[in-house]
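Asker: here is a sequence together with a model predicted from it:
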Amino acid sequence: MSAVADDAVDLVVTSPPYPMIEMWDEQFAGQSDAVATALAEGDGERAFEAMHGLLDGVWREVARVLTPGGIAAVVVGDATRSLGDHFRVYPNHARVTEAFGSLGFDPLPDVLWRKPTNGAAKFMGSGMVPPNAYVTLEHEYVLLFRNGPSGRSFEPGAPRRYESAYFWEERNRWFSDVWTDVRGARQARDDARDVGVVGPGVERETEDEAARASDSDGDGNGDGGAAAPDPDVPEPRRAGAGTGERDRTAAYPVEIPYRLISMYSLYGDTVLDPFVGTGTTAVAAMLAGRDSVGYELDPDVLAELDARVDGVRDRSRRVVEDRLAAHRAFVASQRADGTTFEYAADHYDFPVRTRQERAIRFRVVEDVTRTDEGYRLRHEPV
């Protein structure tokens, strides 16, 4: 990622292709003879390590470009797979954690994202008789790593930091270690379903050339994963399957990067996604008022970002309206239960629970311009 300077990125939010998920075999094998050979020979353990060897090169670049104290958030799921007669789980989350630890990152408490997408069958294997059935994987991990021993520092009372605050009730939901309120998207690209920051999105991934960037404030500064298939249950229907790049899409809804960006960055920060895909993290950064930069190997997949950006102006208003409406409903509910609020928001006509929320101020996209490098956006406070 040579176009990105050392320490130039404030946050990384990404979901790489998941090693040992069959839909990514071709891409991994195309970049590594070791992967292709191991898969051809049915050696799952060797293929798993060779695939992660490719991802390790990306993580090394993440370590170079991420600012000291910055957070890297990696959304990844484990894989279950049969090669020959050998069925096992491949623990992608553990291998990614090991890779970041070797680069000097401190692991932070992670999030278990539970996203039921399977049908009625809740097992794999031998049906109703023990002992050879297996648990069905219905969760992914949001792995969180800090670049160094301490967090970022800011001057006392920094306006940009306090305007970027989230609501007390959002904090309680977002900083839970289990997320059950975000469902995975279906395995197809159809932006008609990709509406609202709290609803399912459509997405997907790859790796490291053809940079695209968005500039949230006009100052010139600068998606992947799939549910593991059940080896003993018919493959779930996948819209677009058999159509080439379309059946390499995966379930990474916009709510996930939007939430992470809101949790771990400030207005105007730069967010990196080294696996851009159709641009889910980039769209989330636009909605959240952050700059973004990303890399993608497949220009056909990346081209879908243009259509998604066309709707980002209206979508940003819906996102803010939804958050404001949800807070007002929370206030009404709390008051009905007898709660008294001590603090009033500086910019809005409602109270807030804590002093740190008083300066909260939402921004919406007012203008989007395409540039040679990507997109330039102008945000305005609501």
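Answerer: Structure received.
Asker: which is the next helix or strand following the helix or strand containing V12?
Answerer: Following DSSP states H and E, one finds V12 within strand 9-14. Counting by DSSP H and E, the next helix or strand C-terminal to strand 9-14 is helix 25-31.
Asker: do a quick rundown of the strands in the stretch 1-150 of the chain.
Answerer: 9-14, 66-76, 79-83, 86-90, 106-114, 123-124, 134-135, 139-146 (DSSP state E, counting those that start in this stretch).
Asker: lowest average pLDDT across those strands?
Answerer: Mean pLDDT values for those show the minimum at strand 123-124, a mean of 62.
Asker: how much space separates the nearest residue to R315 once chain neighbours are set aside from E321?
Answerer: Distance criterion CB to CB, 6 or more residues apart in numbering; nearest residue to R315, sequence neighbours excluded, is L287 at 6.5 Å. (Each C-beta comes from the backbone N, C-alpha and C, glycine too.) From L287 across to E321, the span is 12 Å (CB to CB, to the nearest Å).
Asker: looking at the strands of the stretch 1-150 of the chain, which one is packed in the most?
Answerer: Greatest average neighbour count among these goes to strand 9-14 (a mean of 27), per mean count of other CB atoms under 10 Å.
Asker: name every strand pairing with that one and say which way it goes.
Answerer: strand 66-76 (parallel), strand 270-273 (parallel) (DSSP bridges).
Asker: can you list contacts of it?
Answerer: Strand 9-14 has contacts (CB atoms under 8 Å, 6 or more residues apart in numbering) with 62, 65-67, 70-75, 152, 223-224, 257, 260-261, 264-266, 269-275, 281, 284, 290, 293.
Asker: re earlier: so for G338, which of the strands of the stretch 1-150 of the chain sits nearest?
Answerer: For G338, the closest of these is strand 106-114, at 32.3 Å, according to CB to CB.
Asker: confirm L377 sits in a strand?
Answerer: Yes. Per DSSP: H, G, I helix; E, B strand; the rest coil, L377 lies within a strand segment.
Asker: returning to that earlier point: alpha carbons of the strand holding V12, in CSV - could you do that?
Answerer: These are the backbone C-alpha positions of strand 9-14, laid out as CSV (Å, rounded to 0.1, in the frame of the first residue of the first chain):
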residue,chain,number,x,y,z
VAL,A,9,-4.3,6.0,9.0
ASP,A,10,-6.4,6.4,12.2
LEU,A,11,-8.5,3.3,12.0
VAL,A,12,-8.6,0.1,10.0
VAL,A,13,-11.9,-1.7,9.5
THR,A,14,-11.9,-4.7,7.2
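Asker: can we start the residue count at 9 from this point?
Answerer: Noted, 9 is the first residue going forward, which turns the last one into strand 17-22.
Asker: between it and strand 147-154, how many degrees?
Answerer: Per axes from the mean of the first three to the mean of the last three CA atoms, to 10 degrees, the angle that strand 17-22 makes with strand 147-154 is 160 degrees.
Asker: off-centre distance for strand 17-22?
Answerer: 10 Å (CA atoms, centre = their mean, to the nearest Å).
Asker: same check, this time on stretch 149-165
Answerer: For stretch 149-165, the gap between its own C-alpha mean and the chain's C-alpha mean amounts to 17 Å (CA atoms, centre = their mean).
Asker: any chance you could list what contacts it?
Answerer: 18, 71, 74-86, 101, 104-105, 108, 112-121, 169, 187, 264, 268.
Asker: can you give me the helices in the stretch 259-390 of the chain?
Answerer: Under the criterion DSSP state H, counting those that start in this stretch, helices of the stretch 259-390 of the chain are mapped to 263-272, 288-296, 307-310, 312-318, 320-344.
Asker: what's the closest of those to L62?
Answerer: The closest of these to L62 is helix 307-310. By CB to CB, the value is 17.6 Å.
Asker: give me the helices and strands touching the closest one, please.
Answerer: Applying 3 or more CB pairs under 8 Å, 6 or more residues apart in numbering; DSSP states H and E, one finds that helix 307-310 makes contact with no other helix or strand.
Asker: send over it as CSV, restricted to the C-alpha atoms.
Answerer: Below are the C-alpha coordinates for helix 307-310, written out as CSV (Å, rounded to 0.1, in the frame of the first residue of the first chain):
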residue,chain,number,x,y,z
PRO,A,307,-11.8,-3.7,-10.7
ASP,A,308,-15.1,-5.3,-11.8
VAL,A,309,-16.1,-5.8,-8.1
LEU,A,310,-14.9,-2.3,-7.2
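Asker: same question for it: list its buried residues.
Answerer: V309, L310 (16 or more other CB atoms under 10 Å).
Asker: what sits against the residue most central in space within the chain?
Answerer: Using CA atoms, centre = their mean, the residue of the chain that lies closest to the mean C-alpha position is P265, 3.9 Å off. Counting by CB under 8 Å, 6+ apart, P265 makes contact with V21, D281, T288, T289, A292, A293.
Asker: swap in A333?
Answerer: Contacts of A333 (CB under 8 Å, 6+ apart): none.
Asker: roughly how far does it sit from N180?
Answerer: 18 Å.
Asker: report the helix or strand with the lowest average pLDDT across the chain.
Answerer: In the chain, no helix or strand scores lower on mean pLDDT, DSSP states H and E than strand 220-223, which sits at a mean of 48.
Asker: surely V291 and V262 touch.
Answerer: Yes. Assessed by CB atoms under 8 Å, V291 is found in contact with V262 at 5.8 Å.
Asker: per-residue pLDDT, the residue of the chain most remote from its centre?
Answerer: What lies farthest from the middle of the chain is V137; by CA atoms, centre = their mean that is 38.4 Å. According to the prediction, V137 has pLDDT 83.
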